[in-house]
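Quick one, what's the 3D model for this:
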Amino acid sequence: MFQPQYFNVHWYGPYSFEDAEALSDPNLVLYMICGTHGIYGKSVPLYIGKTFRTPSKRLGEHKWIEHEPDPVQVYAAAISKPFQAWNEIEHDEEYPAPENSIIEKVESLIIFAHQPVYNSRSKAGTQTVSDDIVIFNTGRRSTLLPELSSMYWYA
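Numbering: from 1, shown residues only. I've put the predicted structure just below:
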């Protein structure tokens with residue numbers, strides 16, 4: 001029986017690459033780099049990942065960005081605590097960084113569902129989520145799907 005934990009992933013941005021390098025909020029635990037792809041078009045997710053520390057430190061590790069045909073845009077996200085009804089989190093003004101296992105589950109499902117062109121680790125489904133989760137992508141989410149479910153993507 002599907003009994004999910006629900007998470008709101010609230011996205012901020014878009015930021016230029018230079019502006020994103022200044023992001024220092026440790027609660028922003030995910031990031032997405034969007035740009036132009038020869039087949040998929042403009043402003044598509046090229047890479048989604050965990051920040052590990054802060055977005056600025058992680059972005060500096062992406063040397064491939066300087067070879068992109070157009071400037072990239074960066075989005076950063078915070079993940080809510082697990083909830084069962086929206087009224088449980090509606091007054092939360094910020095989401096403290098959750099434990100790493102939650103970040104990994106959320107990241108894995110978002111990558112598997114969207115298949116960003118520069119992600120390889122989670123695209124093959126080798127990192128499936130064993131827990132039932134539902135993700136709501138809110139805020140400035142670009143072309144991300146608004147809702148994802150482990151039942152749909154991994155079942």
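
who touches the longest strand along the chain?
The longest strand of the chain (DSSP state E) is strand 5-16. Here strand 5-16 makes contact (C-beta atoms under 8 Å, 6 or more residues apart in numbering) with 20, 23, 28, 30, 32, 34, 71, 73-80, 82-84, 89, 95, 102, 106, 110, 131-142, 144. (Each C-beta comes from the backbone N, C-alpha and C, glycine too.)

For PyMOL, write the select line for the buried members of those.
Buried members of these, defined by 16 or more other C-beta atoms under 10 Å, are picked up in PyMOL with:
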select buried, resi 20+23+28+30+32+34+73+74+75+76+77+78+79+80+82+83+89+95+102+106+110+132+133+134+135+136+137+140+141+142+144
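
from the contacts of strand 5-16, which ones fall inside helices?
Per DSSP state H, helices hold the following members of those: 20, 102, 106, 110.

Thought residue 30 was touching the third one, still the case?
I take that to be residue 106. Yes: Residue 106 is within contact range of residue 30, at 7.1 Å (criterion: C-beta atoms under 8 Å).

quick one: common contacting residues for these two?
With C-beta under 8 Å, 6+ apart as the test, residue 106 and residue 30 both reach 9, 79.

Next one: residue 65 from residue 137, what distance?
According to C-beta to C-beta, to the nearest Å, residue 65 and residue 137 sit 23 Å apart.

Using PDB, write out every CA atom in the longest strand of the chain.
The C-alpha coordinates for strand 5-16 follow below in PDB (Å, rounded to 0.1, in the frame of the first residue of the first chain):
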ATOM      1  CA  GLN A   5       5.800  11.100   3.000                       C
ATOM      2  CA  TYR A   6       5.300  14.500   1.300                       C
ATOM      3  CA  PHE A   7       8.000  17.000   0.700                       C
ATOM      4  CA  ASN A   8       7.800  20.500  -0.700                       C
ATOM      5  CA  VAL A   9      10.900  21.500  -2.700                       C
ATOM      6  CA  HIS A  10      10.800  25.300  -3.000                       C
ATOM      7  CA  TRP A  11      13.000  26.600  -5.800                       C
ATOM      8  CA  TYR A  12      14.600  30.100  -6.000                       C
ATOM      9  CA  GLY A  13      16.100  31.800  -9.100                       C
ATOM     10  CA  PRO A  14      17.000  32.000 -11.800                       C
ATOM     11  CA  TYR A  15      20.400  33.400 -11.000                       C
ATOM     12  CA  SER A  16      23.200  34.000 -13.400                       C
END
